[in-house]
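Asker: Okay, predicted coordinates and the sequence, questions at the end:
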Amino acid sequence: MKRNSSIHDDGDILSGQKSRTNSEKSLTHSFSSSEYEDTTNNEVTMVKEKPKFGAKLRVVLCILFCEMCERLVYYGISGNLLLFLKSEPMSLDSAKASSFVLVFTGVSYFVPIFGGWLADSVAGKYNTLFGSILIYFVGTALLPVVAYDYSKHVGAKYELNEVGKWLFIVISMLFISIGTGGIKANVAPFGAEQVKSLGPAAITVFFNWFYWFINVGSFVAFTLIVYVQTNIADGFFWGYLILTGGILIAAFILLSGRSKYIYKPPNGSVITDIFKIIFRAIKRRRILKNAPEHMRCDGLLDYARVRYGGPYLDGQVDTVSALIRILPVMATLIIYWTIYFQMQTSFLLQGLGMDLHITKHFKVPPASLSLFDIIIILLLIPFMDRIFYPLCKKLKIRLTSLRKMGIGMVFAVISLIVAALVEVHRRDNYYGVITKISGKEYKTSNVTIFYQVPQFLLIGTSEVFTVISGLEFSYAQSPKVLQGVVMGLFLMTSGLGSFLGSALIQIVNAVSNKLEKVDWYNGKDINKGKLDFFFYILTVLMGVNFLVFCAIAARYTYVSDDVLRRNEEDWSRQDPDTAGGSIVDYVDSRDFYESD
């Protein structure tokens, strides 16, 4: 569930790991303290005075409501984007629409790592946040322009031509991706900075409420917004107009607390430092490739160590090594995310071919089935945290982070099998029923859309195990200084999984068309395709991925907290930008000598 993906400087992942019920009283109490941060002249000073409660609460609420509005807007756009692209005026077939949605999602989850770098190195978190919201607003404001029915209201001569429509939609999606990526990378850390001086308990409460506000925004998006888009006349125009207002409100909310925020100036990005260490190691290895055996190192990064003539302390190099060690584990999440994003594409497409009626006049928006993913997560997180995991511990059942990730992958496989069986049942019970959705007629089955509930519940269950435990593993096995980078890479695996899903649709259709002269992921009529075969292919891929994951997990050796702490101390002891002064000069002259 991407709703809870967030980072902050101290590496807490409470927004993704735990969901605790907190009263307004706990929120109020945690933002009262006997000390606060004075950041005058960019210097942090602990002042032994009681801070003004109103000011502290105000800035926290500004950030929380800003994030709630942003998540409402994002899921209001992405949750029903497939349906919009299939409807007038875009009129794409299902395969192309699904690929477009997945590319948009992939870009949205690729941007955060660059948004984090920009904030840390150049602009600062607040400036990056506000700039991202403005870009987001421009992208969102373009959507009603495309969705407006010109021929119906002002005459066909004012309607956008094909090139104009696609120019608007591509620019819109690009701006929204940049905007949401910049916000995703910085809003949680910026919020944590506001309460950091109040201690760890205040940060915990902030992230609990941060998570709660995210889900409020998601809930409104998957109920009210998708209902307007699906069931109201000119629904996408009015829905996108509401979302444009929503992101504008988010901008004003963030701006309203400007005079009260604590600002941390940019002081360089750890990403830059990581690349310096890697490039230094590569450079010295190239120089020493013809050197005697005793002058060579076992590992690539060893060439950057001081004891081998490099400019970096052991802990600094080991910190980068720790990041590289967890990359294979993170890589196995790519296919998992491909499965996860089926909720926005193939699952939604399947729902469009089912009976949506609860009563004669009320139809369930297909995108609203994602609510079951949200609900099961909100129920399972406290259950696992308070009951299941303590019980396993009591019974001496050792559930490591990697084992929990594996369990989640099994649930993902089961969800695909269930989706395939539902698709067979849906297609076998198709009798030519016509249902009008967002102004377009769809050939639907007599099978109720609520047959999809189990596959959404299973995906949600897999998320509790795989995603949350994946974050837990990545954070626990990397020093604090790298935890922001780890979160960026974690989100990047989401983007890669989304890109892979888009490519798979094209590959599967190309192969199936060659073999059977029919697209299994049928773009025009789902009842003539074989969507169940597509689900089985994903099942096999996920199964193979699970076996690869098991092999990687079996060989992984956990790094102790003491080792990570020592690496952290080494990293902070010597700034890579100014590493070693005379030793750098010595290394450079040594490199020159050895290259001869």
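Answerer: Good, I have the coordinates.

Asker: contacts, neighbours, all on C-alpha from now
Answerer: Fine.

Asker: Tell me who's in contact with the nearest residue to residue 228 once chain neighbours are set aside.
Answerer: Nearest non-adjacent residue to residue 228, counting by C-alpha to C-alpha, 6 or more residues apart in numbering: residue 235, 5.2 Å away. Residues in contact with residue 235 (C-alpha atoms under 8 Å, 6 or more residues apart in numbering) are 228-229, 438.

Asker: mind listing the strands for this protein?
Answerer: For the chain, applying DSSP state E gives strands covering 36-38, 45-47, 433-437, 440-444.

Asker: quick one, helices of the stretch 351-500 of the chain?
Answerer: Secondary structure of the stretch 351-500 of the chain (DSSP state H, counting those that start in this stretch): helices located at 370-383, 389-394, 401-428, 453-476, 483-516.

Asker: How about the stretch 101-250 of the chain?
Answerer: Using DSSP H, counting those that start in this stretch, helices in the stretch 101-250 of the chain cover 112-118, 125-147, 150-153, 162-195, 200-220, 226-231, 235-256.

Asker: What residues sit buried inside the fourth one?
Answerer: Okay, so that is helix 162-195. Neighbour counts over helix 162-195 (16 or more other C-alpha atoms under 10 Å) mark 165, 168-169, 171-195 as buried.

Asker: same check, this time on stretch 226-234
Answerer: Buried, per 16+ other C-alpha under 10 Å, within stretch 226-234: 226-232, 234.

Asker: how about it as PDB, C-alpha atoms only?
Answerer: Output of stretch 226-234 as PDB, limited to C-alpha atoms (Å, rounded to 0.1, in the frame of the first residue of the first chain):
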ATOM      1  CA  VAL A 226     -14.300   7.700  -8.000                       C
ATOM      2  CA  TYR A 227     -18.100   7.800  -7.500                       C
ATOM      3  CA  VAL A 228     -18.300  11.300  -9.100                       C
ATOM      4  CA  GLN A 229     -16.000  10.200 -12.000                       C
ATOM      5  CA  THR A 230     -18.000   7.000 -12.600                       C
ATOM      6  CA  ASN A 231     -21.600   7.900 -12.000                       C
ATOM      7  CA  ILE A 232     -22.100  11.600 -12.500                       C
ATOM      8  CA  ALA A 233     -22.700  13.300 -15.900                       C
ATOM      9  CA  ASP A 234     -19.400  14.800 -17.100                       C
END
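
Asker: Show me how far it is from its chain's centre.
Answerer: Relative to the chain's own centre, stretch 226-234 is displaced by 27 Å; criterion: C-alpha atoms, centre = their mean, to the nearest Å.

Asker: Need the residues that contact it.
Answerer: 76, 79-80, 147-149, 235-239, 363-365, 367-368, 437-439.

Asker: Please repeat the previous calculation with a cut-off of 7 Å.
Answerer: Here stretch 226-234 makes contact (C-alpha atoms under 7 Å, 6 or more residues apart in numbering) with 76, 80, 235-236, 239, 365, 367-368, 437-438.

Asker: before we move on, what about stretch 105-120?
Answerer: 125, 128, 177-178, 180-182, 184-186, 266-269, 488-489, 491-492, 494-496, 498-499.

Asker: Just the CA trace of that stretch, in CSV.
Answerer: Coordinates of each C-alpha in stretch 105-120 appear next as CSV, following Å, rounded to 0.1, in the frame of the first residue of the first chain:
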residue,chain,number,x,y,z
THR,A,105,2.9,5.2,-11.9
GLY,A,106,6.5,4.1,-12.6
VAL,A,107,7.7,7.7,-13.2
SER,A,108,5.8,8.8,-10.0
TYR,A,109,7.9,6.4,-7.9
PHE,A,110,11.1,7.1,-9.7
VAL,A,111,11.1,10.8,-9.0
PRO,A,112,11.3,10.7,-5.1
ILE,A,113,15.0,9.8,-5.0
PHE,A,114,15.8,12.9,-7.1
GLY,A,115,13.4,15.0,-5.0
GLY,A,116,15.2,14.0,-1.9
TRP,A,117,18.6,14.8,-3.5
LEU,A,118,17.3,18.2,-4.6
ALA,A,119,16.1,19.1,-1.1
ASP,A,120,19.2,17.9,0.7
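
Asker: can you count the residues close to the nearest residue to residue 261 once chain neighbours are set aside?
Answerer: Leaving aside its sequence neighbours, residue 261 sits nearest to residue 59 (C-alpha to C-alpha, 6+ apart; 6.3 Å). A total of 22 residues lie near residue 59 under the criterion other C-alpha atoms under 10 Å.
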